[in-house]
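Asks: my questions are about this predicted structure, shown below with the sequence.
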Amino acid sequence: MIRRIILIAGLHSMFLIGVYLLLVFFNLVDVIPNNTNVLKWDSVWFYEIKERGYHYVPNSVCNLAFFPLFAYMWKLFSIGGLLICSVNYVLFIGSFLLFFGKRKRPISHLFFFLSLPTTVFFCLPYSESLFFVFGIIFILGLKHDNLVVKSLSLLGLCLTKSVSIIICPIILIVMVMSIPLASNRCHLSNSEVKNAIVLLFIAMGAIFIVNGIQMYQTGKWFYFLEVQKYWSRSFEFPSIPFTSSSPERVLIIDSIALIVGLISFYFCTKWVILFICQLLGKNNFYVPVSPEILFSAFFLTSTCIIDVFFTYKVDNQTSIWSIGRHILCSPFVFCFLDWVIKCYKPSKSDCFTLTILVIVGVFITDILPYRYFLEYYVLFFGGLALMNWLPKANYLVYPLYLINVIYICFLFQDFLYAEWIG
């Protein structure tokens, strides 16, 4: 099983490089990555932390918005921008193998995940790959209920990105909703409570570790929250239709991520309602998914809510900039969509609701004016539905795979030219 997935990952990597070089040969892509041109956007801030540590700039953006673990790993390796891109890609492929290694999945299923357009961020000097590694390990820790694995990986997650505030309530939700009420146990055991306390302590402790480092280097305490306003992150009631930064390039990715977030919100809402009904004794239902699926769905839902409500507006349209990277690069979207595709058997009401969500997504985002966006949107969600409903017709997903690979190549070129890609 693992050899098969290694082969698939290797074939994808060679194909991706081959397509990029082919596009260069035909002058459709005209830039080759080097140590200088890979340092764009967020990678500049990580490079600054690596080289000079944290620094405070009054009334302006600064690197205090970023958590340090990726930058410190980069500093430990003492390598250039191009090599850290290679390290990041290897980390992604390694964690991909770790997640799917013992799961019997069709080849098209694996190619679908490997070719998500946002996997371009795993080839850049961003913290996404390191977060992905720790996230996959955390998911496996939840699956096997291993406190040591959960604790160490959670610490890594919370030192890589500022996710502690999201994760803490989700830990409590998952702990409560994982009680097997159907087996006549309606209370938490002492070990479950202790495990949750340990995880909460680690998640909150990571915040104090990072802020201790920032305080020592700049004299600023908890400034990572305040500095968000200089990136135009503040509470806003959303205005529809949504838009994004550089919409002609990435709005389709952000729109798909938004709908994936809304789909996870639908499942979370459904599970909470049924769980409450069980508590009230109105049915014999208990949440029919494992803790890692629960956690993943709530994480995606929380991320979606934050990116929709804490942002800015462009011409009275709410910008959902970066939601594509925040959701589709997350290890939790791999876990959640893998469950949706392979394990979930939708009821008629679910099919109806999910179809409405996808259709509504066309109108609440501003994708219609852009060429090929609607076609790609239909192809993406059609591919998801096809993999769930007609597993024997999975070969029809390969056109989506080819389009995704080409899309990744053009996004990579755009990044090297300092164009915004998410």
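Replies: Alright, I've got the coordinates.

Asks: from here on, just use CA atoms for contacts and neighbour counts.
Replies: Noted.

Asks: give the contact list for Phe224.
Replies: If a contact means C-alpha atoms under 8 Å, 6 or more residues apart in numbering, then Phe224 has 64-66 as its contacts.

Asks: I'd like to know how many residues surround Pro369.
Replies: 9 (other C-alpha atoms under 10 Å).

Asks: that one falls within a strand, correct?
Replies: No: counting by DSSP: H, G, I helix; E, B strand; the rest coil, Pro369 is located in no strand; its state is coil.

Asks: could the contacts of Phe224 go into JSON lines alongside pLDDT?
Replies: Formatted as JSON lines, the contacts of Phe224 follow (pLDDT from 0 to 100):
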{"residue": "Leu64", "pLDDT": "97"}
{"residue": "Ala65", "pLDDT": "95"}
{"residue": "Phe66", "pLDDT": "97"}
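
Asks: quick one: the residue nearest the centre of the chain and Lys150, what's the gap?
Replies: Nearest residue to the geometric centre of the chain (C-alpha atoms, centre = their mean): Ser330, 1.9 Å. Distance from Ser330 to Lys150, counting by C-alpha to C-alpha, to the nearest Å: 17 Å.

Asks: out of the contacts of Phe224, who has the most neighbours?
Replies: Neighbour tally across the contacts of Phe224 (other C-alpha under 10 Å): the maximum, 27 neighbours, falls on Leu64.

Asks: show me the contacts for it.
Replies: When contacts are counted by C-alpha under 8 Å, 6+ apart, Leu64 touches 54-56, 214, 223-224, 227.

Asks: switch the cut-off to 10 Å
Replies: With contact set as C-alpha atoms under 10 Å, 6 or more residues apart in numbering, Leu64 has these partners: 45, 49, 53-57, 210-211, 214-215, 218, 220, 222-228.

Asks: now swap in Ala297 and tell me
Replies: Here Ala297 is in contact with 170, 260-268, 291, 303, 332-333, 335-337 (C-alpha under 10 Å, 6+ apart).

Asks: and the helix or strand hosting Leu157, which residues are buried?
Replies: Leu157 belongs to helix 147-160 when assigned by DSSP states H and E. Across helix 147-160, burial judged by 16 or more other C-alpha atoms under 10 Å covers 147, 149-160.

Asks: dump these into a markdown table; add distance to Leu98 and pLDDT as well.
Replies: Supplementary listing: these in a markdown table, determined by distance: C-alpha to C-alpha, whole Å; pLDDT from 0 to 100:
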| residue | distance to Leu98 | pLDDT |
| --- | --- | --- |
| Leu147 | 18 | 96 |
| Val149 | 14 | 98 |
| Lys150 | 15 | 98 |
| Ser151 | 18 | 98 |
| Leu152 | 16 | 98 |
| Ser153 | 14 | 98 |
| Leu154 | 17 | 98 |
| Leu155 | 19 | 98 |
| Gly156 | 17 | 98 |
| Leu157 | 17 | 98 |
| Cys158 | 21 | 98 |
| Leu159 | 21 | 98 |
| Thr160 | 20 | 98 |
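
Asks: distance to Gly94 for those residues - can I get that in CSV?
Replies: Listed next are the buried residues of helix 147-160 as CSV, based on distance: C-alpha to C-alpha, whole Å:
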residue, distance to Gly94
Leu147, 22
Val149, 17
Lys150, 18
Ser151, 20
Leu152, 18
Ser153, 15
Leu154, 18
Leu155, 20
Gly156, 16
Leu157, 17
Cys158, 20
Leu159, 20
Thr160, 18
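
Asks: how near is the closest residue to Ile323 other than its chain neighbours to Lys50?
Replies: Using C-alpha to C-alpha, 6 or more residues apart in numbering and skipping residues adjacent in sequence, the residue nearest Ile323 is Asp254, 5.5 Å away. Taking C-alpha to C-alpha as the measure, Asp254 falls 30 Å from Lys50.

Asks: do Tyr312 as well
Replies: In this view, Tyr312 and Lys50 are 30 Å apart by C-alpha to C-alpha.

Asks: more neighbours: which of the two?
Replies: Taking neighbours as other C-alpha under 10 Å, Tyr312 and Lys50 compare with Tyr312 leading, 23 against 20.

Asks: my read: the more buried one touches Gln228, true?
Replies: No: counting by C-alpha atoms under 10 Å, Tyr312 stays clear of Gln228, with 11.5 Å between them.

Asks: need the overlap of contacts for the two.
Replies: Shared contacts of Tyr312 and Gln228, counting by C-alpha under 10 Å, 6+ apart, come down to Ser234.

Asks: so, low pLDDT: which residues of the stretch 51-200 of the chain?
Replies: Within the stretch 51-200 of the chain, the ranges that satisfy pLDDT under 70 run 180-188.

Asks: on that earlier part again, spatially nearest residue to the residue nearest to the centre of the chain (excluding sequence neighbours)?
Replies: Counting by C-alpha to C-alpha, 6+ apart, the residue nearest Ser330 is Phe132, at 6.2 Å.
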